[in-house]
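**Student:** just the structure for this:
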Amino acid sequence: MMTPSRQHKLANYRAQFFQGETEPKNLLPPNIHTSWQRCVSSGLNPDAWLDIDIIHQQQLHDLQHQHEALRHSVQAAIETLSTVYAGIPCQFLLIDQYGVTIDVIQTRSVRDQFDFFKISAGTNLQEQKLGTNAPSLVLDTGQAAHVHGLEHFFSCVTAYTCTAVPIHDSSGGLLGILDLSTTTDYHHFHNIPLLTNVVQQVENQRLMSEFSQHIILSLHSDPHYLHTPQTGLLAFSLDGYCVGATHTAIQLLNMTHQQLLQVNFIDLFDSSTNYQTGLLSLHTSQDQQFQGLFLQQHHYLHTSPSPSTTYNSKKTKKTTSSLPNEIRSIAGEDAQLAKNIQKAQRAFKAGIPILLRGETGTGKEVIAQTLHSMTLGKKKPFIAVNCAAIPENLIESELFGYAEGAFTGAKKGGLKGKIQQADGGTLFLDEIGDMPLSLQGRLLRVLQERVVTPLGSHKEQAVEIAVICATHRPIQTMIDDQQFREDLYYRLNGFSLLLPPLRQRADFDQLIQQILATHSPDKTCYLEHDILSLFTTYHWPGNVRQLSSILRTAVALLDEEEVLISCEHLSEDILIELSSDKKEAHCTACHTENTDSTKATLQTAELDHIHRVIKEHNGNISAAAHALDISRATIYRKLKRTTH
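**Tutor:** Numbers count the residues shown, from 1 in each chain. As a prediction, the model looks like this:
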């Protein structure tokens, strides 16, 4: 409230100012002093009665119809203040972007006072009509304004106080103004933050309604404000581009709408960390940190590669040269795989759990580590747990840890489990389909509530983890057989990435050269044509892991000057495996052609006998050669001949 001393000084200053006898003495805010000067220049008389300008009734009807949605939003928001202003004479004015009053909401105290200066709907509040007032200052500066008592230009309204706050649309434009007017006696009930709260509520509701089919992100530096009007809201299209923002979000990000709109989520936030309840940790290029929450994410959470990703990928002609090196190092030249990994990285960056599906050896853990390092950085913990490799009676303590004395043989001081070790980073649950059903409920609780309780303890420990799971098992079938919890599956399956088996990779030849380059960085190695032919027709049950192991051994067996890998550089068991696959394919082709060649029949019978003897000796070529009374080289030559 204005002190008597300042009120007296301001009254004297008004008299001197309007007589043109004084310069500013810092008694008025700059925006109000400038407004006074404009009013005087326009020829307004501060002692005159107001010249009220009200638009025609039809114009008012059209104006109210045009802003119908805004009117309803404002009326609903003002109702939340009914208890605050009960018994206080005040009126709320909803004003359009040109200064014309759309709606007037008055408390009962105002309606009962005949001497209260009441504003009617349709009244023009522009400065040239009503002099200095809070709504006119908003029109001038675009900022919230407060005009108290003697700060008004016209003397007839100096018994009143008004506060006005701009209402912005999702593109940053001025949509309207909300004003609260009361008498100077109730100045202490009347402040900008309270009115700003109402406007924020209106702006948030309008953005949610306007972009109901989009992704809505709530952000604030304090997570407690994410569900309040004080949060900033951003609307993103389904491909990640910002299409709308509330004024609060603009202020929090310290950007303009022009800078923000059509910026991609990934470009806007340098990194984001999943906290498993939808909470995100968002970092901007300006080194700002926010907490975020998806309010409308139904389009985003269940994004998965299209059904076409059942890998008809050998037909693809697309290139991966424009993708990040981390993705190219995994996908090679398989454009479809690269595209799906990039989708997974975007989803993981937005805090969405990843489920990796594929046969053993397709590179699920490598992809998990890559997603982690690209999103959270290598300094954050990456904790991998193979659910199939840990005995069922130990997996609970491995995952959740235990307190001291939890069981006989427990370590002194207890043990921090894998989940707690992953706090702040990524927990990779490999072979999740092998997790005991009894533990799946406990894991679900951790993911939902972000707390873990070690064995033998009643104390909950808060954890913040991102989760990537992998499996080669048919989880959906396991759910039908009640071997896997359906609710846990939907919690883990935010984005499902299917990895193709090696035999279906579109870039098989390039992948071989890539792996050879990894194992032989000092010289370029190649496969002999016959070996490449065997590789191409082999079914690769161990996938990329098996191929890498074979090539690593072959490179190690090369002489210093050698660069060409032949059958001499492959182990006996691998040659048998490769030759068996080729022989079966070759014999099938011969059968289809229905050849009557006696020579081919004899060769086939001979080879059948050789394979049978080798099998009897458990793949030992030397023992088989001794039993057949032929040399090892002869066996290799005969097996090799079947590849042509």
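**Student:** quick one, strands of the stretch 301-450 of the chain?
**Tutor:** 354-357, 382-386, 426-430 (DSSP state E, counting those that start in this stretch).
**Student:** how about TSV for these, with distance to Cys162, mean pLDDT and mean neighbour count added?
**Tutor:** Heads up, the C-betas are built off the backbone N, CA and C, glycines and all. Below are these laid out as TSV (distance: least, Cβ to Cβ, whole Å; pLDDT from 0 to 100; neighbours: other Cβ atoms under 10 Å):
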stretch	distance to Cys162	mean pLDDT	mean neighbour count
strand 354-357	54	92	23
strand 382-386	58	92	19
strand 426-430	54	93	25
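**Student:** let me have those strands in JSON lines, extended by distance to Leu639.
**Tutor:** Putting the strands of the stretch 301-450 of the chain into JSON lines (distance: least, Cβ to Cβ, whole Å) gives the following:
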{"stretch": "strand 354-357", "distance to Leu639": "36"}
{"stretch": "strand 382-386", "distance to Leu639": "36"}
{"stretch": "strand 426-430", "distance to Leu639": "36"}
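**Student:** to Phe211, which of the ones you listed lies closest?
**Tutor:** For those, the distance to Phe211 is smallest for strand 354-357, at 26.2 Å, taking Cβ to Cβ.
**Student:** can you list the strands that the closest one pairs with?
**Tutor:** Applying DSSP bridges to the sheet, strand 354-357 is found paired with strand 466-471 (parallel), strand 495-498 (parallel).
**Student:** can I get stretch 225-235 as PDB, trimmed to CA atoms?
**Tutor:** Below are the C-alpha coordinates for stretch 225-235, written out as PDB (Å, rounded to 0.1, in the frame of the first residue of the first chain):
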ATOM      1  CA  TYR A 225       5.900 -27.300 -10.300                       C
ATOM      2  CA  LEU A 226       5.500 -29.600 -13.300                       C
ATOM      3  CA  HIS A 227       1.800 -30.100 -12.500                       C
ATOM      4  CA  THR A 228       1.000 -26.500 -11.600                       C
ATOM      5  CA  PRO A 229       0.200 -23.400 -13.700                       C
ATOM      6  CA  GLN A 230       3.800 -22.200 -13.100                       C
ATOM      7  CA  THR A 231       5.200 -24.900 -15.400                       C
ATOM      8  CA  GLY A 232       6.200 -24.100 -19.000                       C
ATOM      9  CA  LEU A 233       4.500 -26.200 -21.800                       C
ATOM     10  CA  LEU A 234       6.000 -27.000 -25.200                       C
ATOM     11  CA  ALA A 235       4.100 -28.800 -28.000                       C
END
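**Student:** who are the packing partners of the helix or strand harbouring Ile177?
**Tutor:** Using DSSP states H and E, Ile177 falls within strand 174-183. Counting contacts by 3 or more Cβ pairs under 8 Å, 6 or more residues apart in numbering; DSSP states H and E, strand 174-183 is packed against helix 68-79, strand 90-96, helix 134-141, strand 160-168, helix 192-210.
**Student:** repeat the analysis, applying 6 Å as the threshold.
**Tutor:** In terms of contacts (3 or more Cβ pairs under 6 Å, 6 or more residues apart in numbering; DSSP states H and E), strand 174-183 is packed against strand 90-96, helix 134-141, strand 160-168.
**Student:** each with direction, which strands does it pair with?
**Tutor:** Take DSSP bridges as the rule and strand 174-183 pairs in its sheet with strand 90-96 (antiparallel), strand 160-168 (antiparallel).
**Student:** same list, these, but as TSV with mean pLDDT and mean neighbour count please.
**Tutor:** Output for these, formatted as TSV (pLDDT from 0 to 100; neighbours: other Cβ atoms under 10 Å):
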stretch	mean pLDDT	mean neighbour count
strand 90-96	92	23
strand 160-168	94	25
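**Student:** and those as TSV, adding distance to Ile192?
**Tutor:** Converted to TSV, the strands paired with strand 174-183 look like this (distance: least, Cβ to Cβ, whole Å):
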stretch	distance to Ile192
strand 90-96	14
strand 160-168	6
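**Student:** which stretch among those comes nearest Leu50?
**Tutor:** strand 160-168 (11.8 Å).
**Student:** tell me the angle of the closest one relative to helix 192-210?
**Tutor:** Using axes from the mean of the first three to the mean of the last three Cα atoms, to 10 degrees, the inter-axis angle of strand 160-168 relative to helix 192-210 is 30 degrees.
**Student:** out of the strands paired with strand 354-357, which gets the lowest mean score?
**Tutor:** Of all the strands paired with strand 354-357, mean pLDDT reaches its minimum on strand 495-498 (a mean of 89).
**Student:** distance from the chain centre to the next helix or strand after that strand, please.
**Tutor:** Per DSSP H and E, the first helix or strand lying C-terminal to strand 495-498 is helix 508-519. Centroid separation between helix 508-519 and its chain, computed with Cα atoms, centre = their mean, to the nearest Å, is 33 Å.
**Student:** tell me which other helices or strands helix 508-519 touches.
**Tutor:** Counting contacts by 3+ Cβ pairs under 6 Å, 6+ apart, helix 508-519 is packed against helix 543-557.
**Student:** okay, the angle between the helix it packs on and helix 508-519?
**Tutor:** 50 degrees.
**Student:** for Gln97, find the nearest of the strands of the stretch 301-450 of the chain.
**Tutor:** strand 354-357 (45.8 Å).
**Student:** can you list contacts of that closest one?
**Tutor:** Contact partners of strand 354-357, identified using Cβ atoms under 6 Å, 6 or more residues apart in numbering, comprise 344, 348, 364, 468-470, 492-493, 495-498.
**Student:** could you list the low-confidence segments of the stretch 151-300 of the chain?
**Tutor:** Counting by pLDDT under 70, the stretch 151-300 of the chain shows low-confidence ranges at 187-190, 239, 270-278, 296-300.
**Student:** how about the helices in it?
**Tutor:** Here the stretch 151-300 of the chain has its helices, by DSSP state H, counting those that start in this stretch, at 192-210, 247-253, 257-260, 265-268, 298-301.
**Student:** Arg505: what's it in contact with?
**Tutor:** Contacts of Arg505 by Cβ under 6 Å, 6+ apart are Asp334.
**Student:** got the domain ranges for the protein?
**Tutor:** The chain breaks down by automatic domain parsing into domains covering 6-204, 211-297, 307-502, 504-641.
**Student:** ranking those by mean pLDDT, which is last?
**Tutor:** For these, the weakest mean pLDDT is recorded on domain 504-641, namely a mean of 75.
**Student:** what number of residues lie near Leu60?
**Tutor:** By other Cβ atoms under 10 Å, 18 other residues sit near Leu60.
**Student:** I am finished for the moment; much appreciated.
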